[in-house]
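**Student:** build me a model from this:
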Amino acid sequence: MRKKKWVSSFTVFALAAVLIAGCTGNKPQESASPSASPSATSSESPSESPSASPAGPKDGGTLTISTFSDMVSVNPIFINDTASGDLDALIFAKLYDLDRNANLAAEPWSLAAELPQVAADNKTYVIKLKPNAKWSDGQPITAEDVKFTFDTIRNPDVGSPAISTLDKIDTITVKDPQTVEIKLKQVYAPFPYSLYISIVPQHILKDVPAKELKAHKFGVDPAQTVTSGPWKWTEWTQGQHFTIEKDPNYWGEKKPHIDKIVYKIYADQNTEVQALMKGDVQMTEAIPLTQIEAVKKQQNLNVILAPGPQYEYIQFNFKDENFPQKVSPFKSQKTRQAIAYALNRQGMVDNVLKGAGALMNSPFLPKSWADPGDKAVNYAYDPEKAKALLAEDGWKPGKDGILEKDGIRFSFELQYNAGNSRREQVSAIVQQNLKDVGIEVIPKGIDFATWIDQNVTPGKFPAILLGWSLSNPDPDAESIFSSKYFPPAGQNSGWYVNKELDELWVKGQQTVDKTERAKIYHEIGEKISIDLPYVFLYQYGLPQGVDASKVKWAEEDRPESSLAYGYLFHIINWWLE
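**Tutor:** Sure, this is the predicted structure:
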């Protein structure tokens, strides 16, 4: 899956990011702005025309979607992975949504009645809510809920991965039940995308101590999770499935057509594909590249794949306690550069992604406005140069051929999420490439939900192979790379420190003019490509498979590959035959 990044980026989507298991802000793509998240999904081939729609919408039916990663928690304050983010997108109404071009939008299903009113100084925002919005327990959704959500996320004691998107707020004032005024401490150019956020119920959580919120049943127990979206969460059998059902009391004027959506959890991507081809599921987001042509040959199955707001990386950990020898071998810039030269990244794109990807040299997606282009260092595959740099840095072959320095053997564990066929292949390439220059890599696949919760989020790992799904359309990635955002209240899980870059991220936030901001991000891209807290591998897309005979949508509601959760774009308008 992907990790969600709570950052930025949209078409360059980032964190408030998510990690991609397959994972900003960003989520690790199982989960990136680093409102980002890690992600577990996979991507592997050029896209084909989407399944489409003809007649008219019908009500009813069950849509079954496959996944090979279980959710972690659907509490919007703590979401940091794509499986949980999928569920959040279906059961919670966001304050604002994004249109197909990643512009902030007040949709019929958004909580906001109109776009925010922004003062001339770019530091004051007034938001008006729809008066009819309500929670699934019948309580009204008010400005107090918005204030509570924002205050909770920006409280360091809570440990929200989205803190970097809201900690520039100075004051939040409730003007009336439907109006909230937000004043910022400083100009923060990405702030409009901070409003692309799900709201939590104050009346349920207000008495829970900040440090106990993450352990609360809200977000992990369907019976104790009050929601606000078109569907409500009704069941979760861990490791097997989670289910949502249409909320008969949903407040929105636009109602969903699909009665029930079931996410069925499979052991790996290959098993998911077999389920799609047999008709056990109607949609999957994780078709391995090696199976895309087979899926395309199946009658009624469509594959949707285009480059998206996802990129894969290898992250180094700089905290000594995360290594058996209590010393991180990655602290020297020269050693990190040697590792980058030792990796055949283009070979990964050609042979694993089958050409359906683009090399990455910085945290900004290729051809986006923040992309530094040729200013960023491109580490072409050069094992001899890697060996020379390692020798210059003091590494010498030991008796078994593995490099040593100061009594430390250069051996480390590379963690990734089990069941992700792409990462399994890439980790094997990394293992061989680094063995060729004298470094021992021990690949280790771990269940995604467990891995994110116990290793990635708290920053307890030697090195990881993961991806960011950039869920915020702004390139600000401060939460991922700034030393202000170490775990648990941030996504700098490798404990990276670079004070010069810390200052540049802030400078980029405080610059409103897009041309001037671009210059700052070009400088960041250049400097980070030299210092290498990550080895940036490649941008890729998520291969969505759909049973076009059963899943229908109008053209304006088709999935949108450029958005972090674009495979669910306008799903409220989809229907089933």
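**Student:** could you chop this protein up by domain?
**Tutor:** Annotated domains of the chain cover 97-212, 311-540 [automatic domain parsing].
**Student:** identify, out of those, the most deeply packed stretch.
**Tutor:** Counting by mean count of other CB atoms under 10 Å, domain 311-540 has the highest mean neighbour count of the domains of the chain, with a mean of 21. Glycine gets a C-beta too; all of them are placed from N, C-alpha and C.
**Student:** tell me which of the domains of the chain sits nearest to His241.
**Tutor:** Nearest to His241, of all the domains of the chain, is domain 311-540, at 13.8 Å by CB to CB.
**Student:** roughly how far out does the closest one sit from the chain middle?
**Tutor:** Distance of domain 311-540 from the chain centroid (CA atoms, centre = their mean, to the nearest Å) equals 16 Å.
**Student:** one step back: how about the domains of the chain in JSON lines, adding distance to His570 and mean pLDDT?
**Tutor:** Output for the domains of the chain, formatted as JSON lines (distance: least, CB to CB, whole Å; pLDDT from 0 to 100):
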{"stretch": "domain 97-212", "distance to His570": "9", "mean pLDDT": "96"}
{"stretch": "domain 311-540", "distance to His570": "17", "mean pLDDT": "95"}
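**Student:** Lys255: which of those domains is closest?
**Tutor:** For the domains of the chain, the distance to Lys255 is smallest for domain 97-212, at 9.7 Å, taking CB to CB.
**Student:** Pro475 touches Pro372, doesn't it?
**Tutor:** No - the pair Pro475 / Pro372 is not scored as a contact, 10.7 Å apart, by CB atoms under 8 Å.
**Student:** find residues that contact each of these two.
**Tutor:** Residues touching both Pro475 and Pro372 (CB atoms under 8 Å, 6 or more residues apart in numbering) are Phe364, Tyr521.
**Student:** export the domains of the chain as CSV, with columns for distance to Glu556.
**Tutor:** Formatted as CSV, these follow (distance: least, CB to CB, whole Å):
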stretch, distance to Glu556
domain 97-212, 8
domain 311-540, 20
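**Student:** nearest to Leu576, of those?
**Tutor:** Closest of the domains of the chain to Leu576 is domain 97-212, at 19.0 Å (criterion: CB to CB).
**Student:** and that closest one, end to end?
**Tutor:** Distance across domain 97-212, first residue to last, is 29 Å (CA to CA, to the nearest Å).
**Student:** what residues does stretch 111-121 touch?
**Tutor:** Here stretch 111-121 makes contact (CB under 8 Å, 6+ apart) with 93-96, 104-106, 124-131, 133, 141, 146, 178, 187, 192, 195, 199, 228.
**Student:** among the domains of the chain, which is nearest Thr237?
**Tutor:** Thr237 lies closest, by CB to CB, to one member of those: domain 311-540, at 13.5 Å.
**Student:** quick one, helices of the stretch 401-550 of the chain?
**Tutor:** Applying DSSP state H, counting those that start in this stretch to the stretch 401-550 of the chain gives helices spanning 421-435, 448-451, 478-481, 499-509, 514-531.
**Student:** tabulate those (CSV), appending distance to Ile172.
**Tutor:** Shown next, in CSV, are those (distance: least, CB to CB, whole Å):
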stretch, distance to Ile172
helix 421-435, 40
helix 448-451, 33
helix 478-481, 20
helix 499-509, 19
helix 514-531, 26
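**Student:** quick check: which of the ones you listed is nearest to Asn75?
**Tutor:** Among these, the nearest to Asn75 by CB to CB is helix 448-451 (14.3 Å).
**Student:** against which helices or strands is the closest one packed?
**Tutor:** Using 3 or more CB pairs under 8 Å, 6 or more residues apart in numbering; DSSP states H and E, the elements in contact with helix 448-451 are strand 411-417.
**Student:** quick one: strands adjacent to the strand it packs on?
**Tutor:** Applying DSSP bridges, strand 411-417 is found paired with strand 440-446 (parallel), strand 463-469 (parallel).
**Student:** now those in JSON lines, with distance to Ile408?
**Tutor:** Formatted as JSON lines, the strands paired with strand 411-417 follow (distance: least, CB to CB, whole Å):
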{"stretch": "strand 440-446", "distance to Ile408": "12"}
{"stretch": "strand 463-469", "distance to Ile408": "15"}
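**Student:** mind checking the ones you listed for the one nearest to Tyr263?
**Tutor:** Taking the strands paired with strand 411-417 one by one with CB to CB, strand 463-469 is closest: 16.8 Å.
**Student:** and the angle for that closest one with helix 421-435?
**Tutor:** On the basis of axes from the mean of the first three to the mean of the last three CA atoms, to 10 degrees, strand 463-469 is oriented at 140 degrees to helix 421-435.
**Student:** for this protein, list the residue farthest from the centre, please.
**Tutor:** No residue in the chain sits farther from the centre than Lys399, which is 42.4 Å out by CA atoms, centre = their mean.
**Student:** re the thing from before, and the contacts of stretch 111-121, which of them are in helices?
**Tutor:** Those of the contacts of stretch 111-121 mapping onto helices are Val146, Pro192, per DSSP state H.
**Student:** out of the domains of the chain, nearest to Gln240?
**Tutor:** Among the domains of the chain, domain 311-540 comes nearest to Gln240, with 12.8 Å by CB to CB.
**Student:** looking at the helices of the stretch 401-550 of the chain, which is closest to Trp395?
**Tutor:** helix 421-435 (12.0 Å).
**Student:** need the CA coordinates for that closest one. CSV is fine.
**Tutor:** Output in CSV follows, covering the C-alpha atoms of helix 421-435 (Å, rounded to 0.1, in the frame of the first residue of the first chain):
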residue,chain,number,x,y,z
SER,A,421,5.0,-7.6,-5.7
ARG,A,422,6.7,-4.5,-7.0
ARG,A,423,8.6,-3.8,-3.8
GLU,A,424,9.5,-7.5,-3.5
GLN,A,425,11.2,-7.2,-6.9
VAL,A,426,12.8,-3.8,-6.2
SER,A,427,14.1,-5.0,-2.8
ALA,A,428,15.8,-7.9,-4.5
ILE,A,429,17.5,-5.5,-7.0
VAL,A,430,18.6,-3.3,-4.2
GLN,A,431,20.1,-6.3,-2.3
GLN,A,432,22.1,-7.4,-5.4
ASN,A,433,23.2,-3.9,-6.5
LEU,A,434,24.5,-3.1,-3.0
LYS,A,435,26.1,-6.5,-2.6
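**Student:** contacts for it, please.
**Tutor:** Around helix 421-435, the neighbours that count as contacts under CB under 8 Å, 6+ apart are 22, 42-44, 268-270, 288-290, 312, 314, 339, 342-344, 347-348, 352-353, 383, 414, 416-417, 440-443, 445, 465, 537.
**Student:** can you mark which positions in stretch 224-231 are buried?
**Tutor:** Buried residues in stretch 224-231, counting neighbours by 16 or more other CB atoms under 10 Å, are found at Thr225, Val226, Thr227, Ser228, Gly229, Pro230, Trp231.
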